[in-house]
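1. can you look at this prediction? I've put the sequence above it.
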Amino acid sequence: MSSSNRNSNDEFPNMPADGSGSLAPGGEGTVDPSIEFAVDTAHPAGAASLLRTTAAIRERAAALLARARRGESQWFRIGSDDALEDAARTVAEVTRERYPWDTIPYHSRWRHFEAGGIDRLKQLDELLGKGIDARQRARAHIDLVLVSVLLDAGAGADWHYTEPATGERYTRSEGLGVASFHAFTSGLFSSDPDHPLQADAAGLKGLVTDRLGDAFQVSDVNPLVGLAGRAILLRRLGEAMSEQPETFGEDGRPAGMFDALVAPFGAASPPTAEITAHQILSLLLESLSRIWPSANAVDSIAIDGSDNAGGIPSGDPALALGDCWRHSAVRGPGLTNGWMPFHKLSQWLTYSLLEPFEWAGVKVRQLDALTALPEYRNGGLLIDSGVIVPKDPAFLTRRWKAGDEFIVEWRALTVALLDEVAPRVRKVLDRTEEELPLACVLEGGTWAAGRSLAQRLRDGAPPLLIESDGTVF
């Protein structure tokens, strides 16, 4: 169900348990109590649960888009339908150039591991050896990709990574992907010298920033934006996993998620095992909420959108929101009022976990419950295409913070508008939604088109200047 067809004013006290806000095919207008739950948004725990759903992301993003189209935004106006069609055609053209064959893969970290045309997944599988089963292989894949995605915020324009074995030089996302791959295979994130091809709580908790910097070839002449923030994030990941053995196992590995989600179907993960994309996202958001350095917590804002006295949250990690920000025009029930959620890195991680689950024989359904990722390239595409137009050109030269309302609204508009771009891209490419889910539109797609326009217009720099601590952008 596209965001444009939904009632953005709904307070949806009941919604599907997968949090997607989508009804099963043929389920329109019916309520199945077995898949619905009530959220008590008057209490912090219920409000946090609601704000961790992609239904909440889409509802609120659609409301901010409708408001901007009515001319009520102080920050942006929205371009014409022609601009939207032009953006879709640009995305379709880039998709055809990048994937002239029929199969378009998911937008995921695994594409960056393929940088330079090298099959690093094959390299990893060879290192793992033939004597392990599909579940053990999936566990290594999950360990790698979770750590790599958490290291994937923007690298900055001045950093690069030279791959020792090939001499190839990589920058930005590909560089971060290749560098993190080699850091993983060298055992940097493992505490067990006999089992280097894993990430575990002890290894991550003991990660020294300088060692991470060395693995990423950081120096005075090769600076990486947010290096310290990235190291802190990984140490917090280690702490979070060691505190939750029920999800991450006694050794505290990201791979524990596989067993947590698939165990009900049997340890061998038969091909009949099925999960939804939002179940992966929900587990990530619930178990890793405590790792995000942002002070955003649901109990630090009042029902009317104003700060509570002192604005000091309880410190309860269950109430930490991470990539969720205040916006004065966002409306919602109870304590969710005033909050605009995104969960960009967690959704990027979910997209990147689809393949490890599928390679192990687990069917992942309802991929389009996930949203577009509101970051530099997708959001930049819409600015550079004239779909999102800052009301004051000076906004493009200012330096912003992630929590500034201008940035929050730009990201929300990106989510809502890419839900409108996707069906237009499918029409140009003559693909159905099943053939080209949003995960493939992004890969085809919007991210590459955004990067291409940025390269043409500003030598690769994004259209906005945002201060980064390495955890959001």
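-> Received it, and whenever you're ready, just let me know what you need.
2. and the helix or strand encompassing residue 214, what does it pack onto?
-> If you go by DSSP states H and E, residue 214 is part of helix 209-215. Judged by 3 or more C-beta pairs under 8 Å, 6 or more residues apart in numbering; DSSP states H and E, the packing partners of helix 209-215 are helix 172-185, helix 227-242. For every residue, glycine as well, the C-beta is placed using N, CA and C.
3. okay, the ones you listed in JSON lines with distance to residue 285 and mean pLDDT next?
-> Below are the helices and strands packed on helix 209-215 laid out as JSON lines (distance: least, C-beta to C-beta, whole Å; pLDDT from 0 to 100):
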{"stretch": "helix 172-185", "distance to residue 285": "22", "mean pLDDT": "96"}
{"stretch": "helix 227-242", "distance to residue 285": "12", "mean pLDDT": "93"}
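4. could you say which of those helices is packed most deeply?
-> Of those, the one with the most neighbours on average (mean count of other C-beta atoms under 10 Å) is helix 172-185, at a mean of 22.
5. quick one on the thing from earlier: reformat the helices and strands packed on helix 209-215 as TSV; add distance to residue 461.
-> Listed next are the helices and strands packed on helix 209-215 as TSV, based on distance: least, C-beta to C-beta, whole Å:
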stretch	distance to residue 461
helix 172-185	11
helix 227-242	20
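6. out of these, which is closest to residue 389?
-> Residue 389 lies closest to helix 172-185 among those, at 26.1 Å (C-beta to C-beta).
7. where does the stretch 151-300 of the chain dip in pLDDT?
-> Scanning the stretch 151-300 of the chain with the threshold set as pLDDT under 70 gives 264-272, 293-294, 299-300.
8. out of the helices and strands packed on helix 209-215, nearest to residue 413?
-> helix 172-185 (22.6 Å).
9. of all the helices and strands packed on helix 209-215, which lies closest to residue 395?
-> The closest of these to residue 395 is helix 172-185. By C-beta to C-beta, the value is 23.9 Å.
10. who are the contact partners of residue 64?
-> By C-beta atoms under 8 Å, 6 or more residues apart in numbering, the residues touching residue 64 are 73, 327, 329, 330, 340, 409, 412, 413, 416.
11. for the fourth one, which residues are in contact?
-> What that stands for is residue 330. Taking C-beta under 8 Å, 6+ apart, we find residue 330 in contact with 60, 63, 64, 337, 338, 339, 340.
12. now for the helices and strands packed on helix 209-215, which one comes closest to residue 361?
-> Relative to residue 361, the nearest member of the helices and strands packed on helix 209-215 by C-beta to C-beta is helix 172-185, separated by 23.3 Å.
13. how far off centre is the helix or strand following that closest one?
-> Scanning forward in sequence from helix 172-185 by DSSP H and E, the next helix or strand is helix 201-205. Helix 201-205 sits 23 Å away from the centroid of its parent chain (C-alpha atoms, centre = their mean, to the nearest Å).
14. now stretch 225-240
-> How far stretch 225-240 lies from its chain's middle: 17 Å, per C-alpha atoms, centre = their mean.
15. for residue 220, phi and psi?
-> For residue 220, the backbone dihedrals (degrees, to the nearest 10) come out as phi -60, psi -30.
16. next SSE downstream of the longest helix along the chain?
-> In the chain, taking DSSP state H as the definition, the longest helix is helix 405-429. Counting by DSSP H and E, the next helix or strand C-terminal to helix 405-429 is helix 438-441.
17. so for that next one, what gets flagged as buried?
-> For helix 438-441, burial by neighbour count (16 or more other C-beta atoms under 10 Å) applies to 438, 439, 440, 441.
18. what does stretch 451-461 give?
-> Buried residues in stretch 451-461 (16+ other C-beta under 10 Å): 451, 452, 453, 454.
19. for residue 216, which of the helices and strands packed on helix 209-215 is the nearest?
-> The nearest among those, by C-beta to C-beta, is helix 172-185 at 4.8 Å.
20. relative to helix 227-242, how tilted is the closest one?
-> Here the directions of helix 172-185 and helix 227-242 differ by 50 degrees (axes from the mean of the first three to the mean of the last three C-alpha atoms, to 10 degrees).
21. sorry, back to before: output the buried residues of helix 438-441 as JSON lines; include the columns pLDDT and distance to residue 316.
-> Output for these, formatted as JSON lines (pLDDT from 0 to 100; distance: C-beta to C-beta, whole Å):
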{"residue": "438", "pLDDT": "96", "distance to residue 316": "33"}
{"residue": "439", "pLDDT": "95", "distance to residue 316": "33"}
{"residue": "440", "pLDDT": "96", "distance to residue 316": "38"}
{"residue": "441", "pLDDT": "97", "distance to residue 316": "37"}
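22. I am finished for the moment; much appreciated.
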